[in-house]
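Asks: after the sequence you'll find the predicted model.
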Amino acid sequence: MKIADIRQEYALKRLDKEDVDADPFRQFHAWLAEAIEAQVPEPTAMTLATVDAPGRPSARIMLLKALDERGFVFYTNYESRKGTELAARPQAALTFFWKELERQVRIEGAVEQVSAAEADEYFASRPLGSRIGAWASTQSATIESRHWLEARVRAAETQYGDSPPRPPHWGGYRVIPTWLEFWQGRRSRLHDRIAYEKTGDGWKIARLSP
């Protein structure tokens, strides 16, 4: 089969401007809850897109770890590729895709680091192996071998035992949205697209052409 011949019709649901919540955060919570209820694999998985100083984009899959009225939070190594890109250009885009519900959500906005207290609280909740890994990994850097990495894990286990503190180079980022789009797949690629744009203290809601 040719790649160009691979296609699927979307017909599960519809999305109207009159049906969405006036607050995009409440609308996102509702859709996320439906994705979790539907047992969508990795419902908090999202594509994070960043841009480096010369303007070259890059993207990777991350996991959403917190959400409130301030924005969408994920955690990583500040010295990773995404970390250095966000330091140079603190703007990002997120995309959630819930195939089973024929939905996606796109988010764009400025990025800030979360507070040390927030990062400490989340780090302490992680499994021990993940906390040790945060010390062992020089994320995105070239390494000589898997053996080298495993040796660093053993060294961190010896040094920190069962209580590794949060590394100073590891923490969270918050994407503060100024634009969100809720996308519901429809037949013949005539998808429903409802966008929220930040305007002062409120949100302007509009339907977009598919």
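Replies: It's in.
Asks: which residues of the chain fall in strands?
Replies: Under the criterion DSSP state E, strands of the chain are mapped to 45-51, 57-63, 66-68, 71-77, 91-98, 103-113, 170-184, 192-199, 202-208.
Asks: I'd like those strands as a markdown table, with distance to L15, mean pLDDT and mean neighbour count appended.
Replies: (Glycine included, C-beta is placed from N, CA and C.) A markdown table is the format used below for the strands of the chain (distance: least, C-beta to C-beta, whole Å; pLDDT from 0 to 100; neighbours: other C-beta atoms under 10 Å):
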| stretch | distance to L15 | mean pLDDT | mean neighbour count |
| --- | --- | --- | --- |
| strand 45-51 | 19 | 98 | 19 |
| strand 57-63 | 25 | 98 | 13 |
| strand 66-68 | 20 | 97 | 14 |
| strand 71-77 | 20 | 98 | 21 |
| strand 91-98 | 13 | 98 | 20 |
| strand 103-113 | 8 | 98 | 19 |
| strand 170-184 | 4 | 98 | 21 |
| strand 192-199 | 4 | 98 | 18 |
| strand 202-208 | 9 | 98 | 14 |
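Asks: and those as JSON lines, adding distance to R146?
Replies: As requested, the strands of the chain are exported to JSON lines (distance: least, C-beta to C-beta, whole Å):
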{"stretch": "strand 45-51", "distance to R146": "25"}
{"stretch": "strand 57-63", "distance to R146": "20"}
{"stretch": "strand 66-68", "distance to R146": "32"}
{"stretch": "strand 71-77", "distance to R146": "18"}
{"stretch": "strand 91-98", "distance to R146": "30"}
{"stretch": "strand 103-113", "distance to R146": "31"}
{"stretch": "strand 170-184", "distance to R146": "21"}
{"stretch": "strand 192-199", "distance to R146": "44"}
{"stretch": "strand 202-208", "distance to R146": "46"}
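Asks: for D120, which of those is the nearest?
Replies: strand 170-184 (8.8 Å; C-beta to C-beta).
Asks: angle of the closest one against strand 71-77?
Replies: 140 degrees (axes from the mean of the first three to the mean of the last three C-alpha atoms, to 10 degrees).
Asks: for strand 170-184, packing partners?
Replies: The contact analysis (3 or more C-beta pairs under 8 Å, 6 or more residues apart in numbering; DSSP states H and E) places strand 170-184 against helix 24-37, strand 71-77, strand 91-98, strand 103-113, helix 116-125, strand 192-199.
Asks: adjacent strands (with direction) for it?
Replies: Paired strands of strand 170-184, with direction, are strand 71-77 (antiparallel), strand 103-113 (antiparallel), strand 192-199 (antiparallel) (DSSP bridges).
Asks: I6 is nearest to which of those strands?
Replies: It's strand 103-113; of those, that one is closest to I6 (C-beta to C-beta) at 17.9 Å.
Asks: what's the distance between the residue most central in space within the chain and F74?
Replies: The structure's the chain has its C-alpha centroid closest to M46; by C-alpha atoms, centre = their mean the separation is 4.2 Å. To F74, M46 is 8 Å away according to C-beta to C-beta, to the nearest Å.
Asks: and for those two, which residues touch both?
Replies: 62-64 (C-beta atoms under 8 Å, 6 or more residues apart in numbering).
Asks: tabulate these (CSV), appending distance to A134.
Replies: Conversion of those to CSV gives the following (distance: C-beta to C-beta, whole Å):
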residue, distance to A134
M62, 15
L63, 14
L64, 18
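Asks: kind regards, and thank you for your time.
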